[in-house]
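*Asks:* For reference, the sequence and a predicted model appear below.
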Amino acid sequence: MRIPIRMIGIATTFFWIFLIGFFISAVYSVKDVQFNFGEPQFGLNANSEAFFSLPVSIINRGLYDISVFRIFTQISDNANIAIVNGSTSVPVIKRNDEVTVMHNMTVNVDDLLQTDQNYLFNDTDLRIYVVLGMSIAKMIPVEASANLSVRWGAPLYNFALGQVQYSAYNSSHLVATVPISFENHAFFDVAGNIRVRMYNSTNRRVGSGEISVVVPPDSSYNGSLQFYASITRLTASGRFDVYFSTAFFDYGPLVIHYG
Amino acid sequence: MAENNNDSRRTIRNFTCKALKATAKAIILYVAYFLMWTMFLAPASELIPGLQQMIETFVMVYIILIIIGELTSGTIFQYFFSVAKALFVIGYLIFSLNGGILGLTFQNVSLMVDLRLFLAIATLLSLLGLAKSVLQAINYMSEKAEYTRI
């Protein structure tokens, strides 16, 4: 019986040494894995959706292959409701290999504004949940996650129509001048049209006009819109219906009362 | 009288041998731990709080069990301590590795390491060590019974 016992002892010792050696070398080789994040890109795709693209390169100089490499990102609002999420995965990154992947996320700004128009007019904080996972040597899954917060800049921040100025045109119409102002806090240009329809207190249209705007990020717009207003329909109070049409979004009507 | 003197001398010599063997084993184990710590694990201790304390406690208890096991060698208690050693390794691994899922939070980043597979293999190896100790105890008892009968 002594020989089998001794064999068990030798086998156990051998496996222990192998296991500890493997574990230490696996943990040690993580320090030779590099992650490089490139310049993020923003833009519009063919479906008029805003996209965010982040190039990530993984350089595996460790002793073992990396498998099931995964990046997951979720952007949610203050109430923790998911707005957009993106996932990128690489099945295997072999040792001494370098892989570059693009982590993409697309968001339909139109859909987003349908759920909450605050994104258009008010700056807010967005929560970003990032998960980076991989399996070292196909045996030790590791996952790192982080919660970040980014500022969402409203493209039409502080949008306002000023006091309407009238000037004579002919016996039936006046020329109405409506001052328009807003600040573009978004990361994209606000380039498109703003259409204004003026209604009187009996819901009859007084007049309407359109203006083209191109407002770069982090800049403000101060302009005015002119249109012909019917004198007979003009009342002391009423409302403006404002419609926005840009490459990123279409929104309207925004109702602003006057008088 | 002379026989008694010889017996006590033999006992002292045996005990000294056992003590020397135990000391040698303890020193070898500690040197192995020290080398492993300074070469590989020290950088990791900056990231994992309490790693050094965790490993040192393990090494300390393991060395104590080795010393006691060595001092009681030639008796059935040697195998008891051997079984205790194997059970201690299993228990300590499960406890210190938090069931195989290790979680760390560093500033805003949470890190999760899944060591369940490693833990399962380590537990199986410890069970193998436990089985070996039980077999050794059975072997010891059966050999003792044979000598008694002769």
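*Replies:* Perfect, I can see it now. Numbers count the residues shown, from 1 in each chain, chains lettered A, B, ... in the order given.
*Asks:* Pull up the residues of the stretch 1-150 of chain A that are close to chain B.
*Replies:* Proximity of the stretch 1-150 of chain A to chain B (CB under 8 Å from any CB of the partner chain) is limited to residues A:1-2, A:4-5, A:8-9, A:11-12, A:15-16, A:19, A:23-24, A:27-28, A:31, A:139-148. Where C-beta positions appear, they are placed from N, C-alpha and C, glycine not excepted.
*Asks:* ok, of the residues you listed, which come out buried?
*Replies:* A:5, A:8-9, A:12, A:16, A:23, A:27-28, A:139-145 (16 or more other CB atoms under 10 Å in any protein chain shown).
*Asks:* Let's see which of these end up in strands.
*Replies:* Secondary structure defined by DSSP state E assigns A:I140, A:P141, A:V142, A:E143, A:A144, A:S145 of those to strands.
*Asks:* now the last one: how far from A:F227?
*Replies:* Summarising the geometry, the distance separating A:S145 from A:F227, computed by CB to CB, to the nearest Å, is 53 Å.
*Asks:* what number of residues lie near B:V113?
*Replies:* By other CB atoms under 10 Å in any protein chain shown, 21 other residues sit near B:V113.
*Asks:* Quick check: it is in a strand.
*Replies:* Yes - counting by DSSP: H, G, I helix; E, B strand; the rest coil, B:V113 is found in a strand.
*Asks:* C-alpha coordinates for stretch B:104-114, PDB please?
*Replies:* The C-alpha trace of stretch B:104-114 is given here as PDB (Å, rounded to 0.1, in the frame of the first residue of the first chain):
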ATOM      1  CA  LEU B 104     -12.100  44.800  -5.900                       C
ATOM      2  CA  THR B 105     -13.000  48.500  -6.200                       C
ATOM      3  CA  PHE B 106     -10.300  50.900  -7.200                       C
ATOM      4  CA  GLN B 107     -11.500  54.500  -7.300                       C
ATOM      5  CA  ASN B 108     -14.300  54.400  -9.800                       C
ATOM      6  CA  VAL B 109     -13.500  51.000 -11.300                       C
ATOM      7  CA  SER B 110     -14.700  47.700 -10.100                       C
ATOM      8  CA  LEU B 111     -12.700  44.600 -10.900                       C
ATOM      9  CA  MET B 112     -14.100  41.100 -10.800                       C
ATOM     10  CA  VAL B 113     -11.900  38.000 -11.100                       C
ATOM     11  CA  ASP B 114     -13.600  34.700 -11.500                       C
END
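*Asks:* centre of the chain versus it, how much separation?
*Replies:* Offset of stretch B:104-114 from its chain centre (CA atoms, centre = their mean, to the nearest Å): 31 Å.
*Asks:* What of stretch A:19-37?
*Replies:* That offset, for stretch A:19-37, works out to 34 Å (CA atoms, centre = their mean).
*Asks:* end to end, how far does that stretch reach?
*Replies:* 34 Å (CA to CA, to the nearest Å).
*Asks:* partners of the helix or strand A:V214 falls within, with directions?
*Replies:* Taking DSSP states H and E as the definition, A:V214 sits inside strand A:205-215. Looking at strand A:205-215 with DSSP bridges, its partner strands are strand A:190-200 (antiparallel).
*Asks:* How many neighbouring residues does the closest residue in space to B:I101 that isn't next to it in sequence have?
*Replies:* Using CB to CB, 6 or more residues apart in numbering or on different chains and skipping the chain neighbours, the partner closest in space to B:I101 is B:D114 (6.0 Å). By other CB under 10 Å, 17 other residues sit near B:D114.
*Asks:* Contact partners for B:D114?
*Replies:* A:I140, A:P141, A:V142, A:E143, B:G100, B:I101, B:L102 (CB atoms under 8 Å, 6 or more residues apart in numbering or on different chains).
*Asks:* The second one contacts A:G133, correct?
*Replies:* Yes - using CB atoms under 8 Å, A:P141 is in contact with A:G133, at 6.8 Å.
*Asks:* Get me the contact residues on chain B for chain A.
*Replies:* B:36, B:40-41, B:43-44, B:108-115, B:117-118, B:121-122, B:125, B:128-129, B:131-132, B:135-136, B:138-139, B:142.
*Asks:* So which of these sit within helices?
*Replies:* B:36, B:43-44, B:117-118, B:121-122, B:125, B:128-129, B:131-132, B:135-136, B:138-139, B:142 (DSSP state H).
*Asks:* which of the residues you listed count as buried?
*Replies:* For those, buried by 16+ other CB under 10 Å: B:A44, B:F118, B:I121, B:A122, B:L125, B:L128, B:G129, B:K132, B:L135, B:Q136.
*Asks:* Greatest separation within those: which pair is it?
*Replies:* B:A44 and B:L135 (36.5 Å; CB to CB).
*Asks:* can you dump the C-alpha coordinates of the helix or strand A:H103 falls within into PDB?
*Replies:* Element membership for A:H103 (DSSP H and E) is strand A:97-107. This file holds the C-alpha atoms of strand A:97-107, laid out as PDB (Å, rounded to 0.1, in the frame of the first residue of the first chain):
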ATOM      1  CA  ASP A  97      -0.600  39.600 -31.300                       C
ATOM      2  CA  GLU A  98      -2.100  43.000 -31.700                       C
ATOM      3  CA  VAL A  99      -5.800  43.500 -32.500                       C
ATOM      4  CA  THR A 100      -7.600  46.800 -33.100                       C
ATOM      5  CA  VAL A 101     -11.400  46.900 -32.900                       C
ATOM      6  CA  MET A 102     -13.900  49.700 -33.300                       C
ATOM      7  CA  HIS A 103     -16.400  50.000 -30.500                       C
ATOM      8  CA  ASN A 104     -19.500  51.500 -32.000                       C
ATOM      9  CA  MET A 105     -22.700  52.900 -30.700                       C
ATOM     10  CA  THR A 106     -25.500  54.500 -32.700                       C
ATOM     11  CA  VAL A 107     -28.400  56.500 -31.400                       C
END
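*Asks:* Which strands border that strand, and is each parallel or antiparallel?
*Replies:* Partners of strand A:97-107 in its sheet, by DSSP bridges: strand A:50-60 (antiparallel).
*Asks:* what's in contact with stretch A:17-32?
*Replies:* Residues contacting stretch A:17-32 (CB under 8 Å, 6+ apart): A:60-64, A:136-137, A:139-140, A:142, B:36, B:40-41, B:43-44, B:118, B:121-122, B:125.
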